[in-house]
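1. using only what follows, build the 3D model:
(chains A and B)
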Amino acid sequence: MSLHRLAFRLRPTVTRVRSLHSSGFVQQQEAVAVEPEPESLSVFRTHEKDPACHSDKHVGQFYTLSSAHVRPLFPDSLPWRYQQQMKTFNETCIMVRQPALEVISYLKKADYSQPALRYVFYGLKGTGKTMSLCHTLHFCYTQGWLVLHVPDAHLWVKNCKELLPSSYKSSRFDQPLQATTWLRNFKITNEPFLSKIKLKERYVWTKRESTEAGSSLGELVDQGISRIKSSSDVVGAVMKELRLQSGQPGADFRLAVAVDGVNALWGRSTIKKGDKTAVDPEELTLVYNLRKLMKNDWSGGAVITTLSQTGSLYHPKSAYLPQDLLGERGFDNMDPFIPVSVPNYSEKEFESCYLYYMDRNWLQHPQSRTAEGKKELIFLCNMNPSMFERLCGHL
Amino acid sequence: MKQEEEADSHIFNMAASISGLLKPWTPRVLLVRWSRYNPYYLEPEVRKEAYSRPESELSAEEKEERELKKLRPIKAATNSTTSSLFNDPVLSKFINMMMKHGEKTLAREIMMQTLENIKRKQVEKYHKATDGQKEGIECNPYVVFHQALENCKPVVALASIQKGGKYYQVPIPVTGNRQRFLAMKWMITECRENKHRRTHMYEKLSQELLAAFANEGNVIRKKHELHKMAEANRAYAHYRWW
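-> Numbering: from 1, shown residues only, chains lettered A, B, ... in the order given. Have a look, this model is predicted:
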């Protein structure tokens, strides 16, 4: 701690010397009109790798996630275009933005003996809701929480290749493929917790197979991965166990439930039963169990969600507000929640993103590096993060 | 446009040379698509810089041109002309050639994905390369595209010329437009036909363009074969009379 304070005191003197000698940096800083960040070498990057230490002065800057964190935290759950960017640039950088900082500050100050708080990121298409969720999740992971991440709830209510009638309740349907993929990712993310958490109840799968109370969570998850037919019920059991145990005085973990596209849970689905009638999401085991986690009747953790129109079914493109996307049922279920609006880039954030792409050699067109080219880019993308990324892709 | 004008009857050819005597006219029915404009009409000026130059910077001829443009009618600009800084005529021509059934958005989307793919491959190579190798890697997809097309352009082609009852394959020089056309045509046909049915067009195109940039690949091979044929038929070169 004292070393950290010492470093803070020493750094301003170092950068003052730097700005005297390297006039290039001074010009860059003047052009951006941002006061020089004492702990970074460039204006758009910060060396602060711990999300817990991010604060308002880091807004607009990119921080690098270490690969030791990225592989377990996000096993194939980041957006596809971002994954490609990670592969091309050979690094994982997320921009520190106001909505994520807000939620992180609430998470730091919340009282975990009270029922879980629900945070909902909402905004227009492509403004960075999923990335804010990932930033918040990284914070939870570095703080040692148990992360329960559903990368896209829409994938559970559409394009289902295998639909089995549930063995537990005859009116419900199982989705073995989605359940097994989720269990595998859950296992990779929460390796240290699997042996620590013990089950409180006994689960019977078939006449000969059962998981006893007192066995570890890891065994339950392995049971689900190896026996595909009962994997959806295993998912339900895992969620139930974690929900029951997280608030208890004996538990030494905090539960972070992160769902992207939470409006899928209360929407409609395109899955058809054998007789061509549509399946209500309530009749799907996975959705039914996840809905129970969304309620605020458990404590010792937080629920962080995102609304998404992009993968949603039967919602117009113009819908982005919680009332429109969640619908009546969804809103009543989620109420009360903390809505966090995710806007387009501000001037400073756009500047930072532009400099980052320049640094990574991504903006190759000679005209895109001029002032008029930049004005044209701003005009074409209207400060929307995903539009800007797509535009820079081919320039 | 030019080829259509040349194919017109000799009346228009005369009209082009004595355009000063022609009066401006508009037909009763205006056909804009595939329209053969009267040579009286002038080309539109799309670039922004041309209009922001002050009076003092213009030379006498440019001032005359400006005066003329105030009086003469101007052709309608096509849908694909832009005053954008990122406009590239060669790229637009390539997109038009790739287009099927008039679906310009799809053709453009494929081209943009190709450019992005090329850039991604090169930038990935760049970031993983050592400092010594970094200068050799060209990351700009536009430079790669233009250079690849340049490398694919044939210098000589064969023409079928009749002499004494027989047809001979005579090597002839290729004009700039024809070279460009042949290079683009070969590239597109190659990428449409010689690929696995599950590879996307942008994937195959980016592979071929990168190969052509390095002077390898099927299109370059086709160009070399044409050159060899032309070299083999050198003896008949004097059959050309133009």
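2. distance of the closest residue to chain B within the stretch 201-350 of chain A relative to B:K121?
-> Going by Cβ to the nearest Cβ, chain B is nearest to A:K317 of the stretch 201-350 of chain A, at 17.5 Å. All C-beta spots, glycine's among them, are computed from the backbone N, C-alpha and C. As for A:K317, its distance to B:K121 is 33 Å (criterion: Cβ to Cβ, to the nearest Å).
3. how's the chain carved up into domains?
-> As the question left the chain open, I've gone with chain A. With domains defined by the TED database, chain A comprises A:111-341, A:347-393.
4. chain B, not that one
-> B:32-86, B:88-239.
5. more crowded one of A:K317 and B:K121?
-> Applying other Cβ atoms under 10 Å in any protein chain shown to A:K317 and B:K121 shows that B:K121 carries more neighbours, namely 18 against 9.
6. all helices of the stretch 101-250 of chain A, in order?
-> Using DSSP state H, counting those that start in this stretch, the helices of the stretch 101-250 of chain A run over residues A:129-142, A:176-189, A:191-196, A:217-226, A:231-246.
7. in CSV, list those helices along with distance to chain B.
-> Shown next, in CSV, are these (distance: least, Cβ to the nearest Cβ, whole Å):
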stretch, distance to chain B
helix A:129-142, 20
helix A:176-189, 22
helix A:191-196, 29
helix A:217-226, 30
helix A:231-246, 30
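8. pick the most deeply packed of the ones you listed.
-> Comparing the helices of the stretch 101-250 of chain A by mean neighbour count (mean count of other Cβ atoms under 10 Å in any protein chain shown), helix A:129-142 ranks first with a mean of 24.
9. any idea of the angle that helix forms with helix A:176-189?
-> 50 degrees (axes from the mean of the first three to the mean of the last three Cα atoms, to 10 degrees).
10. mind telling me what element A:P339 is part of?
-> Assigned by DSSP states H and E, A:P339 falls within strand A:338-341.
11. residues in contact with that strand?
-> A:99, A:102-103, A:106, A:117-123, A:132, A:322 (Cβ atoms under 8 Å, 6 or more residues apart in numbering or on different chains).
12. mind listing the strands that strand pairs with, and their directions?
-> If you go by DSSP bridges, strand A:338-341 pairs up with strand A:117-122 (parallel).
13. phi, psi of residue 97?
-> Assuming you mean chain A. Here is the backbone geometry of A:R97 (degrees, to the nearest 10): phi -130, psi 160.
14. that one contacts A:T127, doesn't it?
-> No. With contacts counted by Cβ atoms under 8 Å, A:R97 stays clear of A:T127, the gap being 9.6 Å.
15. shared neighbours, those two?
-> The contact lists of A:R97 and A:T127 share A:V342, where a contact means Cβ under 8 Å, 6+ apart.
16. can you get me a residue count around A:Y119?
-> When neighbours are counted by other Cβ under 10 Å, A:Y119 registers 22.
17. check whether it really touches A:I104, as I assumed.
-> No. Taking contacts as Cβ under 8 Å, A:Y119 lies outside contact range of A:I104: 10.2 Å.
18. mutual contacts of the two, please.
-> Shared contacts of A:Y119 and A:I104 (Cβ under 8 Å, 6+ apart): A:T136.
19. which parts of chain B sit against chain A?
-> B:84-86, B:112-113, B:115-116, B:119-120, B:123-124, B:126-128, B:139-142 (Cβ under 8 Å from any Cβ of the partner chain).
20. return the subset of the residues you listed lying in strands.
-> Judged by DSSP state E, the residues of chain B next to chain A include no members of strands.
21. so among the residues you listed, which ones count as buried?
-> Listed as buried from the residues of chain B next to chain A are B:85-86, B:112-113, B:115-116, B:119-120, B:123-124, B:126-127, B:139-142; burial here means 16 or more other Cβ atoms under 10 Å in any protein chain shown.
22. so which strand or helix has A:Y354?
-> Counting by DSSP H and E, A:Y354 is found in helix A:347-359.
23. any chance you could list what contacts that helix?
-> So helix A:347-359 is in contact with A:28, A:32, A:34, A:42-45, A:59-62, A:93, A:95, A:97, A:345, A:363, A:369, A:374, A:377-378, A:383, A:385, A:388, A:392, going by Cβ under 8 Å, 6+ apart.
24. buried ones among the residues you listed?
-> Burial by neighbour count, judged by 16+ other Cβ under 10 Å, picks out A:28, A:32, A:34, A:42-45, A:59-62, A:93, A:95, A:97, A:345, A:363, A:374, A:377, A:383, A:385, A:388, A:392 from the contacts of helix A:347-359.
25. just to revisit the earlier point, reformat the domains of chain B as a markdown table; add mean pLDDT.
-> Output for the domains of chain B, formatted as a markdown table (pLDDT from 0 to 100):
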| stretch | mean pLDDT |
| --- | --- |
| domain B:32-86 | 84 |
| domain B:88-239 | 94 |
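26. close to chain B: what parts of the stretch 51-200 of chain A are there?
-> Near chain B, when you scan the stretch 51-200 of chain A using Cβ under 8 Å from any Cβ, you find A:84, A:87-90.
27. mind doing that once more with 6 Å?
-> A:88, A:90 (Cβ under 6 Å from any Cβ of the partner chain).
28. next, give me the two most distant ones among the contacts of strand A:338-341.
-> A:L117 and A:G123 (19.5 Å; Cβ to Cβ).
29. can you tell me what sits against stretch A:244-255?
-> The contact list for stretch A:244-255 (Cβ atoms under 6 Å, 6 or more residues apart in numbering or on different chains) reads A:145-146, A:242, A:298-301.
30. from what I can see A:R268 touches A:G327, true?
-> No. Using Cβ atoms under 6 Å, A:R268 makes no contact with A:G327, being 9.3 Å away.
31. one step back: distance to B:F181 added to the contacts of stretch A:244-255, as a markdown table?
-> As requested, the contacts of stretch A:244-255 are exported to a markdown table (distance: Cβ to Cβ, whole Å):
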| residue | distance to B:F181 |
| --- | --- |
| A:W145 | 62 |
| A:L146 | 63 |
| A:L242 | 65 |
| A:W298 | 69 |
| A:S299 | 72 |
| A:G300 | 70 |
| A:G301 | 65 |
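32. highest neighbour count among those?
-> That'd be A:G301 among the contacts of stretch A:244-255, by other Cβ under 10 Å, with 27 neighbours.
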